[in-house]
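> Just to be clear, the model below is a prediction. Sequence and coordinates:
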Amino acid sequence: MPTLSSVISCRVDFYASPLRGPRFPLRIAFYFHFLHYGFLLIIQLLLKKINKKIREEKVKINFMNKYIFAFTKLRENLF
């Protein structure tokens, strides 16, 4: 059974091995960082698209409300 000190030294060797080049966990953190910001960017773009659709629907609804209001006024004046 390995002792705690041997496990710790093994972990230190894994994190700081000069033979591996860039440290593997640091590389994973680097990729995760960009993956995370890419994911946030995609969410932001989707929210902008949804917001644009909502604004377009509001304009359509506003136009229809004005049209219905004008039509009812016209109908009241005619009858």
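Structure received.

> Quick check: which ranges of the protein have low pLDDT?
For the chain, the stretches flagged by pLDDT under 70 are 1-29, 79.

> how about stretch 55-69 as CSV, C-alpha atoms only?
What follows is stretch 55-69, C-alpha atoms only, in CSV (Å, rounded to 0.1, in the frame of the first residue of the first chain):
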residue,chain,number,x,y,z
ARG,A,55,-38.8,42.7,-30.8
GLU,A,56,-40.1,41.8,-34.2
GLU,A,57,-43.1,40.1,-32.7
LYS,A,58,-43.8,43.2,-30.6
VAL,A,59,-43.6,45.4,-33.7
LYS,A,60,-46.1,43.1,-35.4
ILE,A,61,-48.4,43.1,-32.4
ASN,A,62,-48.2,46.8,-32.1
PHE,A,63,-49.0,47.2,-35.8
MET,A,64,-52.0,44.9,-35.5
ASN,A,65,-53.2,46.7,-32.5
LYS,A,66,-53.1,50.0,-34.3
TYR,A,67,-54.8,48.4,-37.3
ILE,A,68,-57.6,46.9,-35.1
PHE,A,69,-58.0,50.3,-33.3
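
> Helices along the chain, start to end?
4-15, 24-78 (DSSP state H).

> can I get these in TSV with mean neighbour count?
For every residue, glycine as well, the C-beta is placed using N, CA and C. Putting the helices of the chain into TSV (neighbours: other Cβ atoms under 10 Å) gives the following:
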stretch	mean neighbour count
helix 4-15	10
helix 24-78	10
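
> hmm, who's touching stretch 51-70?
Contact with stretch 51-70 is made by no outside residue, as judged by Cβ atoms under 8 Å, 6 or more residues apart in numbering.

> Starting from Leu40, give me the distance back to His33.
From His33 over to Leu40 the distance is 11 Å, taken as Cβ to Cβ, to the nearest Å.
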